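Q: quick one, what's the 3D model for this:
(chains A and B)
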2 protein chains.
Amino acid sequence: MDKTVGFDVENMCKRAKAASFELACESTAKKNAALIRMAVNIENAKDFILAQNGIDIENAVAAGISGAFLDRLTLNDKRIGDMAEGLRQIALLPDPVGEITREWTRPNGLLIKKKRAPIGVVCVIYESRPNVTADVAGLTLKSGNCAVLKGGKEAFNSNVAIADQIVKALKETGISEDAVQIVRDTSRETSAKLLKMNKYIDVIIPRGGESLKKIILEQSSIPVILATAGNCHVYVDKAANLGMAEVIVDNSKTQRPGVCNAMESLLVHVDAADKFLPAIAELLLNKGVELRLCERSRLILESVDTAAIAAHKNLIIDATEEDWGTEYEDMILAVKVVDSLADAIAHINKYGSCHSDAIVTDDSEACEEFLNKVDAAAVYCNASTRFTDGFEFGFGAEIGNSNQKLHARGPIGLEQLTSEKYIVYGSGQIRG
Amino acid sequence: MDKTVGFDVENMCKRAKAASFELACESTAKKNAALIRMAVNIENAKDFILAQNGIDIENAVAAGISGAFLDRLTLNDKRIGDMAEGLRQIALLPDPVGEITREWTRPNGLLIKKKRAPIGVVCVIYESRPNVTADVAGLTLKSGNCAVLKGGKEAFNSNVAIADQIVKALKETGISEDAVQIVRDTSRETSAKLLKMNKYIDVIIPRGGESLKKIILEQSSIPVILATAGNCHVYVDKAANLGMAEVIVDNSKTQRPGVCNAMESLLVHVDAADKFLPAIAELLLNKGVELRLCERSRLILESVDTAAIAAHKNLIIDATEEDWGTEYEDMILAVKVVDSLADAIAHINKYGSCHSDAIVTDDSEACEEFLNKVDAAAVYCNASTRFTDGFEFGFGAEIGNSNQKLHARGPIGLEQLTSEKYIVYGSGQIRG
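A: Modelled structure (predicted):
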């Protein structure tokens, strides 16, 4: 398959833009029919998709790629089934397009309605996982947006095979095949050109590593919705229920440490530290969590020196300034004793990434102060940080979790893929 | 006043960020007190502000600046009074911060609230009008945001004089003086540096000419809310009340031609053209509007050749392709006959700027099709395009009209200067 020569990225974007005006007005029924059809087509083409994926895997192995990257690249029966199931789930979600979110009449008689409409053309740039092709195509179609998809070069054959089934489904249901487009070119020039297509693309959503996001943020002339690192905190207040705190800290750190809403730093009020730290340290050390301690927390653990602590000396390390700002996405936790709620909030606002932060407390005033002052997409009182997620919030599937301030904070689901326009009904009003 | 040496833009932004966490939690009463105080201080310092403005005017005249630019730069008693009045008006507007926009409980008992919070640090870059300094400081303060203000170099002394009164008001009411900061440096290096302060600035809003906006969009690593050109259309449908159409077209074009929500192109359905075009042409030509006509509209006007048309031959010009995409902001109108509603919509979506477009029709189906399919921040049926405005929509003062898709379309008022965060109340919930 020729990956680089003669691919006209501008023409692709132009066609996506043209198709977006029609797609914005397609019925929910037709969009759902296309989603179901996509699922069926992907299942039917399973053998071909796996064969194409096999080529990608072979190339990756030959290039020395292994480990987690290779795992993310790899498709199998179950993953293809999950892709199809994901599309069927999106068909079941409510269509956000057309919702009137507000409505009022002005003194001059103008009736103004704020109405949800698709954004237009959504470009998603992602890395190795081929299932993103189907997820994103499904979410953008349901929200009435045309998609421009640019996957990682390692997954090129897999992505094209999946996209072909998606486009086939569009044709079969009478939706313009320009509504979902995949960049059939892996050259750097094309990627760079894509980032300048602000005449045709309305928003870029990068999914993948931090370096990819940094490049896109720096080079794009198109607005970007960014889901960057999640440096999440749990703060155990002096008025915390320490049993509950233990359960929440454990869950936030170890239930799935490799994701963006996992906790990276634990802050403990000085009045709770003597009692709480030894217990939580024992629990986490026994699970293999490496602890990077501030001086005060180290002294507390040294003073108790339980069997668990003694047995895991290799997992106890002094924290450096860098630790407070690091997203480990691993079984590592930075731990700090703070003197007050205010210090905890200041620490989070200084080092955090505006993603998800929690307080554990029985003091309702402390709770409100934390929830109001911590600057994050999602703030929790007495719950795990791991809930920041489209499904957990009840939105269904999502493209990621935004931790920027504009447009949408938190889960980027169907509603977040729309914008609101003003529709105004008059009877001849003019401005005086 | 030293304009360039030793100004530390990074330190300024850092201080704004630090102040933003406190300002986000200030009471409405305190913010309103500061706004009233700003108004009083500006009135009290009128003579000094006018003197500083005099220096700017002198420098501008010496540099050969005249006309509309010089007019925008010039302050007088009335303009200073309007500035103060604007600040008092903002004090009267409702505070958007803290509003719960949605609230629901999940099956696991988590109570999720979506709550309006300030964005954080808002940077506004503007050109010659010194009153923007006060307008923007007022809107950002009321919405709980810290402001970083960068005015045009021609208005430097005026802006600093106004900003000093604003900062004085902050101090007098016990709000951090870092909450409103003005860039006290007019060098290009500082401007370029400002656009890279994404660690401290949450959003940039440019106000001014298109070239300024283009540079910012290309160079900024900070999200931008863009209020670019308004290439607005009125489409007169075959089912239009032509009397109403005449009034709406006249108002959309001539009531204030130099603003972004004024009409730039008139589209007329072919079935209405023979009757409508001669009448509207006569009206507009008599007001001095230059008409740039498509071939069919020219033929229609030639065929009637009324006295008005004969008297204003110099105002009748053939349109070129370029005219359909041009925002004149002047007494010029492009005119095109279209074969159908669909053609009108396609024309607007191809050449428009997603700002404000109107249909005049008595056909409710045509109305709905136009309102749904035209991709603009505000779409009108039977009303002038001139209503896209914070005051006219009932929002009060605004920073501009966004015609991008993300975050906010249309007027950027207090609500649009906030974002929504999720506040989650639990009782020990963890993720399974």
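Q: from here on, just use CA atoms for contacts and neighbour counts.
A: Will do.
Q: what pLDDT does the model give the closest residue to A:Glu246 other than its chain neighbours?
A: With Cα to Cα, 6 or more residues apart in numbering or on different chains as the criterion, A:Glu246 has its nearest non-adjacent residue at 6.0 Å, and that residue is A:Ile280. We note a pLDDT of 97 for A:Ile280 in this prediction.
Q: could you do the one 4 residues further on as well?
A: Looking at A:Leu284, its pLDDT is 97.
Q: ok, back up a step: could you measure from the residue nearest to A:Glu246 over to A:Trp324?
A: Computed with Cα to Cα, to the nearest Å, the distance linking A:Ile280 and A:Trp324 is 19 Å.
Q: which of these two has more residues huddled nearby?
A: Taking neighbours as other Cα atoms under 10 Å in any protein chain shown, A:Ile280 and A:Trp324 compare with A:Trp324 leading, 24 against 18.
Q: quick one, phi psi at the residue nearest to A:Glu246?
A: Backbone geometry at A:Ile280, expressed as degrees, to the nearest 10, gives phi -70, psi -30.
Q: tally of neighbours for A:Glu327?
A: Neighbouring residues of A:Glu327 were enumerated by other Cα under 10 Å; the total is 23.
Q: that one: what secondary structure?
A: Assigned by DSSP: H, G, I helix; E, B strand; the rest coil, the conformation of A:Glu327 is coil.
Q: tell me the pLDDT of the closest residue to it other than its chain neighbours.
A: Among residues not flanking A:Glu327 along the chain, A:Asn231 sits closest, at 5.0 Å (Cα to Cα, 6+ apart). Among the per-residue scores, A:Asn231 shows a pLDDT of 95.
Q: could you do A:Thr4 as well?
A: Per the predicted model, pLDDT is 50 at A:Thr4.
Q: also A:Gln219?
A: The confidence metric pLDDT takes the value 86 at A:Gln219.
Q: can you show me the helices along the stretch 251-400 of chain A?
A: Using DSSP state H, counting those that start in this stretch, the helices found in the stretch 251-400 of chain A span residues A:270-286, A:295-304, A:307-311, A:321-324, A:341-351, A:364-373, A:390-393.
Q: lowest average pLDDT across these?
A: Of all the helices of the stretch 251-400 of chain A, the minimum mean pLDDT falls on helix A:307-311 (a mean of 89).
Q: contacting residues for A:Glu177?
A: Applying Cα atoms under 8 Å, 6 or more residues apart in numbering or on different chains, one finds that A:Glu177 lies in contact with A:167-168, A:170-171.
Q: so the residue of the stretch 301-432 of chain A found nearest chain B, which of the three states?
A: Among the residues of the stretch 301-432 of chain A, A:His407 lies closest to chain B, at 3.5 Å counting by Cα to the nearest Cα. Here A:His407 takes the coil state, with states given by three-state DSSP.
Q: what's the answer for A:Arg88, then?
A: In terms of secondary structure, A:Arg88 is helix; the call rests on three-state DSSP.
Q: cool, A:Gly426 as well?
A: Per three-state DSSP, the local secondary structure of A:Gly426 is strand.
Q: how many neighbours does it have?
A: Neighbours around A:Gly426, by other Cα under 10 Å: 17.
Q: now swap in A:Val160 and tell me
A: A:Val160 has 21 neighbours, counted by other Cα under 10 Å.
Q: show me what contacts it?
A: Listed by Cα under 8 Å, 6+ apart, the contact partners of A:Val160 are A:182, A:184.
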